[in-house]
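Chemist: Okay, sequence plus prediction incoming.
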Amino acid sequence: FSPGSRSILRDIGNAIADDQKDNAIELNATNFDSVFRDTPAKYAVLEFFAHWCPACRNYKPHYEKVARLFNGPDAVHPGLVLMARVDCAVKMNVKLCDKFSITHYPVLFWGPPRKFVGGSWGPKQDKSEIILMDDWRTSDLLLSWINKQIGSSYGLDDQKFGNDHLLPNMSDHEQISQALYDIEEATEEAFDIILSHKAIKSSETSTSFIRFLQLLVPHHPSKRCRKGSAEILLNFDELCPLGECSYGHDSAVENNTLRSFHICGKDLPRGYYMFCRGSKNETRGFSCGLWIMMHSLSVRIEDGESQFAFTAICDFINNFFMCDECRQHFHDMCLSVKTPFKKSRDIVLWLWSAHNKVNERLKKDEASLGTGDPKFPKMIWPPKQLCPSCYLSSTDWDHDEVYKFLKKYYGEKLVSSHKKNGDGGSKEEVVVAAAADEMAVPTNALVVPVGAALAIALASCAFGALACYWRTQQKNRKYYHNPHYLKRYNSNFMVMNTFSNNESEREKER
Ligand SMILES: Cc1cc2nc3c(=O)[nH]c(=O)nc-3n(C[C@H](O)[C@H](O)[C@H](O)COP(=O)(O)OP(=O)(O)OC[C@H]3O[C@@H](n4cnc5c(N)ncnc54)[C@H](O)[C@@H]3O)c2cc1C
């Protein structure tokens, strides 16, 4: 991770929350650039004020009322708008305030955070993406100004969803639609962890990583993660010849190393889980995101891929989820499967049931140790309130109904809502995005506008060329010609070997 990024923003947010102080982040000449560079927020509001200015003092409660919605660990709408301020009456900030032509107080600006990095503003500056705000004199006016900019309808009385009014694990369909963001975050975090542990270090781990990417490229619910995974997959032979990856230095982003790739795109906002946000900082987050990523993958695969998806997920957790107890337990559950999966229903229900086994175990542990999140107690899921038809009786499931429910919950509601940025990037990026899309299997019927249909048709042509190139690359992979390789992932007997702990057996098989 870049050192300044989330830690600065989180530290500031947490310190403020602990002390019951402000939610808007007070910046100075030293941290100004790094905070704007590293914030996961998409937009920023920046207030220039002077602490001696009485009007500024009176405005502060208004500004804070809006900042409460967007900043800090208790934000109601986290990760969207960074609200910051700079005190121009502090000597070290004088130059900074001059760069923004501040002549009176308070003054508010709006813009994408990155534009504030090393940024400036002048009254004659027409084309700047940094906008001088007007109509912000009360909290109502300020929020409606923001709403207009981003097309939202937030209210000052909005409450943090999920935490207070209902039992959150009974989350409704509205809430799961927010989970796409968390799945993206978890995907990127998993990739970061792999990099920081240099975890792809052998042909076995390399194969496991490739197979997981092969699952993500067509089935990840986020378009930008499909695209990022496709880019890594395309370049994998160069990045990791014979399973020896070039990682680059931990601190530097070097070209042509795994570190120079972003599995969900360079601009993914980081640092805030939403659906998976715990009521305490140390709970939920990544592991919750990982679960919902796996569930969302399972409901998107086709029948013929179910055994492949099962082994890809089992191997991925076994090799790359760096929680020993977790992976060992999950590995045991993988090993206990004796019959190969034939239908996607099999893996959807297996994963659901495996997750419930973990819930059941943790429920006891957390109760006795007091380590759980009090607002998100572990439970057998889905509870009756969320899916009444899933229950035949209080202890018996109707598996057909559970399957239907999971398909809907993790399928339809979790469709990528991210539009392609601006011009869509370089030609190569567009082709890769098209390839990722081309391979994506839609799980729900969407009405495709004519323009989009044409674009898809064009992308298909590009994809043809790309697929050709890809196939040539794949052909060079020795194990694709190796009958053992194919057999290994097509028979359950071989699955058992995949999870075998016996290194010599695995070596023989290799
Ligand atoms: C593979 C794996 C193994 C793990 N093993 C362990 C372990 O051994 N010990 C340990 O302490 N922690 C383990 N964890 C972490 C633990 O399972 C939780 O992820 C963590 O405690 C956070 O819990 P949570 O409340 O966010 O809900 P999570 O259990 O993370 O669930 C996330 C969300 O998924 C939904 N959900 C819950 N159950 C199901 C289900 N059965 N099917 C579909 N959706 C469901 C709910 O909406 C829930 O909020 C593991 C995590 C993973 C990914």
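Modeler: Perfect, thanks for sending it.
Chemist: Double-check that F48 belongs to a strand.
Modeler: Yes: judged by DSSP: H, G, I helix; E, B strand; the rest coil, F48 forms part of a strand.
Chemist: That one: how many residues sit nearby?
Modeler: Neighbourhood size, F48 [other C-beta atoms under 10 Å]: 22. Bear in mind the C-beta positions are built from the backbone N, C-alpha and C, glycine included.
Chemist: Kindly report the same for A367.
Modeler: 12.
Chemist: Quick check: pLDDT value at it.
Modeler: Listed pLDDT for A367 reads 84.
Chemist: Run the chain-centre distance for the helix or strand hosting it.
Modeler: A367 is part of helix 344-369, with elements assigned from DSSP states H and E. In terms of C-alpha atoms, centre = their mean, to the nearest Å, the centre of helix 344-369 is found 22 Å from the chain centre.
Chemist: Spell out whether it and the ligand are in contact.
Modeler: Yes: remark: helix 344-369 sits within contact range of the ligand at W352, H355, N356, V358, N359, L362, by C-beta under 6 Å from any ligand atom.
Chemist: Of these, which is the most crowded?
Modeler: W352 (21 neighbours).
Chemist: Ignoring the adjacent residues along the chain, who's closest to that residue?
Modeler: L406 (5.9 Å; C-beta to C-beta, 6 or more residues apart in numbering).
Chemist: in terms of contact, does the one you found touch I347 like I think?
Modeler: No: contact criterion C-beta atoms under 8 Å: L406 and I347 do not qualify, at 10.8 Å.
Chemist: follow-up on the earlier one: from the contact counts, what lies against the helix or strand hosting the residue nearest to W352?
Modeler: In this structure, L406 is located in helix 399-410 according to DSSP H and E. Using 3 or more C-beta pairs under 8 Å, 6 or more residues apart in numbering; DSSP states H and E, the elements in contact with helix 399-410 are helix 173-176, helix 286-298, helix 344-369.
Chemist: Quick check: K378 vs M293, distance?
Modeler: Remark: distance between K378 and M293 (C-beta to C-beta, to the nearest Å) = 19 Å.
Chemist: So if I had to pick from those two, which one is more boxed in?
Modeler: Neighbours per residue (other C-beta under 10 Å) separate K378 from M293, with M293 holding more: 26 against 19.
Chemist: Let's see the pLDDT reported for that one.
Modeler: 96.
Chemist: Spatially nearest residue to it (excluding sequence neighbours)?
Modeler: Using C-beta to C-beta, 6+ apart, the closest residue to M293 is I183 (4.6 Å).
Chemist: which SS state does that neighbour fall under?
Modeler: Assignment for I183 (three-state DSSP): helix.
Chemist: how many neighbours does it have?
Modeler: Neighbours of I183 using other C-beta under 10 Å come to 28.
Chemist: residues in contact with it?
Modeler: H220, P221, S222, C225, G289, I292, M293, S296, L414 (C-beta atoms under 8 Å, 6 or more residues apart in numbering).
Chemist: still on that earlier bit, which one of the helices and strands packed on helix 399-410 is the most hemmed in?
Modeler: helix 286-298 (a mean of 22; mean count of other C-beta atoms under 10 Å).
Chemist: That one to helix 399-410, inter-axis angle?
Modeler: 110 degrees (axes from the mean of the first three to the mean of the last three C-alpha atoms, to 10 degrees).
Chemist: Show me what helix 286-298 is in contact with.
Modeler: 179, 182-183, 185-187, 189-190, 215-216, 219-221, 273, 275-276, 309, 313, 321, 323, 326, 344, 347-348, 351-352, 355, 406, 410-411, 414.
Chemist: one step back: how far is the helix holding L406 from where the chain is centred?
Modeler: The answer for helix 399-410 is 23 Å, by C-alpha atoms, centre = their mean.
Chemist: buried set for that helix?
Modeler: V402, Y403, F405, L406, K407, K408, Y409, Y410 (16 or more other C-beta atoms under 10 Å).
Chemist: Equivalent analysis for stretch 96-113, please.
Modeler: For stretch 96-113, by 16+ other C-beta under 10 Å, it's L96, C97, F100, I102, Y105, P106, V107, L108, F109, W110, G111, P113.
Chemist: Next, format the residues you listed as a markdown table and append distance to L80 and secondary structure.
Modeler: Listed next are the buried residues of stretch 96-113 as a markdown table, based on distance: C-beta to C-beta, whole Å; DSSP: H, G, I helix; E, B strand; the rest coil:
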| residue | distance to L80 | secondary structure |
| --- | --- | --- |
| L96 | 25 | helix |
| C97 | 26 | helix |
| F100 | 23 | coil |
| I102 | 26 | coil |
| Y105 | 26 | coil |
| P106 | 22 | coil |
| V107 | 22 | strand |
| L108 | 17 | strand |
| F109 | 17 | strand |
| W110 | 13 | strand |
| G111 | 14 | strand |
| P113 | 11 | helix |
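Chemist: Name the nearest of the residues you listed relative to the ligand.
Modeler: Lowest distance from the ligand to those (C-beta to the nearest ligand atom) belongs to P113, with 28.4 Å.
Chemist: In this structure that closest one contacts V45, no?
Modeler: No: applying C-beta under 8 Å as the test, P113 and V45 come out as separate, 10.2 Å apart.
Chemist: Need the residues touching each of the two.
Modeler: Shared contacts of P113 and V45, counting by C-beta under 8 Å, 6+ apart, come down to L82.
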